[in-house]
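A.B. asks: The following block contains a protein sequence and its predicted model.
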Amino acid sequence: MPGTLWVVATPLGNLEDLSPRALERLREVALIACEDTRRTSKILARFGVATRTISCHRFNEAERIEPVLSLLRGGSDVALASDGGTPGISDPGALLVREAAREGIPVRPVPGPSAPVALLSVSGMPADRFVFEGFLPHRAGERRRRLRELRAEPRTVVLFEAPHRLADALDDIAAVLGERPLVLGRELTKRHETVLRGSAREILEALGGRPVLGEISIAVAGASTSEAEGLDAGAERVREIWRAALREADGDRRAALRSAARSLSLKKPELYRLLEEIGEIEDAPGT
């Protein structure tokens, strides 16, 4: 019989959040595949766990699969752990889990801390249905495009962001999503835990330009019904003007783009991005 791959959630920061069941699994498995052996070793040392560890992060996960699967095939149990929270949720682990499941190896969860869920629990925002987007794109143009794709989303949206990009991300959220309520959580469950509430602009003002350190999660209120309807109406207007311009230009997309951009008082690159987002064009027209 093969061993079991245990997907073990570990504390975001406060080590007292490690569940008794998680501790038992970490003690009893033959190996712990963890995102960073140094981070996991602090948890293990705190509870006197001597289990062997190997690193399994986004740069080496593919090459770690076969050694871990070999151990599992031989009947040994293995634990999968990330730096903090639940493995596979914007962290490494999904590839190993998929390959183990494909071979018929049992994969079982040991649930526990999760940064998106922790933030949602204190956000006061609807969480019966929500969207987890992970990290926004690094590049400003791609980040704004992703945010525009989320403008009509009625569910609460949870994001991660890196400290050095936080100010730019909040600027873009303000520009694209306006004054929607936000809840920002920094260093959740840790000594310097901070929760800020307000619009993106208000949170930027509260930060006062000071450097921000630590792990950051952001919950953004979903679009209201009226806002979503307005966005849908706006998209339909863009679609109608674009199709009319395309007919008048006898299918010449370059000419149609110029004409439609004038009609909508937009720059051509802005209109092109909108047309991409609403599914009207899929490849660059060579403007």
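C.D. replies: Thanks, I have the structure now. Numbering: from 1, shown residues only.
A.B. asks: Only C-alpha atoms from now on, for both contacts and neighbour counts.
C.D. replies: OK.
A.B. asks: What are the buried residues along stretch 138-155?
C.D. replies: 143-148, 150-155 (16 or more other C-alpha atoms under 10 Å).
A.B. asks: Apologies, that question was intended for stretch 195-212.
C.D. replies: Buried-residue list, stretch 195-212, by 16+ other C-alpha under 10 Å: 195-204.
A.B. asks: now stretch 128-139
C.D. replies: 130-132, 134, 136.
A.B. asks: Endpoints of it, how far apart?
C.D. replies: End-to-end distance of stretch 128-139 (C-alpha to C-alpha, to the nearest Å): 31 Å.
A.B. asks: what residues does it touch?
C.D. replies: With C-alpha atoms under 8 Å, 6 or more residues apart in numbering as the test, stretch 128-139 has contacts from 90, 116, 143, 146, 155-162, 165.
A.B. asks: Now, these that are in helices?
C.D. replies: 116, 143, 146 (DSSP state H).
A.B. asks: Let me see the contact set for the second one.
C.D. replies: Applying C-alpha under 8 Å, 6+ apart to Arg143 gives the contacts 136-137, 169, 172.
A.B. asks: Next: the first one.
C.D. replies: Shown in contact with Pro116 (C-alpha under 8 Å, 6+ apart): 132, 158-159, 217.
A.B. asks: Could you identify the most distant pair in the contacts of Arg143?
C.D. replies: Farthest apart among these by C-alpha to C-alpha are Pro137 and Asp172. That separation is 11.5 Å.
A.B. asks: how about the strands of the chain, start to end?
C.D. replies: Ranges of strands within the chain are 5-8, 31-34, 53-55, 78-81, 107-110, 130-135, 156-161, 182-186, 194-198, 216-220, based on DSSP state E.
A.B. asks: one step back: which one of the buried residues of stretch 138-155 is nearest Ala235?
C.D. replies: For the buried residues of stretch 138-155, the residue nearest Ala235 by C-alpha to C-alpha is Ala152; the value is 10.6 Å.
A.B. asks: Would you mind confirming that the closest one is in contact with Ala235?
C.D. replies: No. Counting by C-alpha atoms under 8 Å, Ala152 does not reach Ala235; the two are 10.6 Å apart.
A.B. asks: hey, what's the nearest residue in space to Ile54 that is not next to it in sequence bridged with?
C.D. replies: Nearest residue to Ile54, sequence neighbours excluded (C-alpha to C-alpha, 6 or more residues apart in numbering): Ala33, at 5.1 Å. Ala33 forms beta bridges with Ile54, Leu80, as assigned by DSSP bridges.
A.B. asks: so Ala33 makes contact with Asn60?
C.D. replies: No. Applying C-alpha under 8 Å as the test, Ala33 and Asn60 come out as separate, 11.3 Å apart.
A.B. asks: more crowded one of those two?
C.D. replies: Legend: neighbour count by other C-alpha atoms under 10 Å for Ala33 and Asn60, higher for Ala33 (26 against 12).
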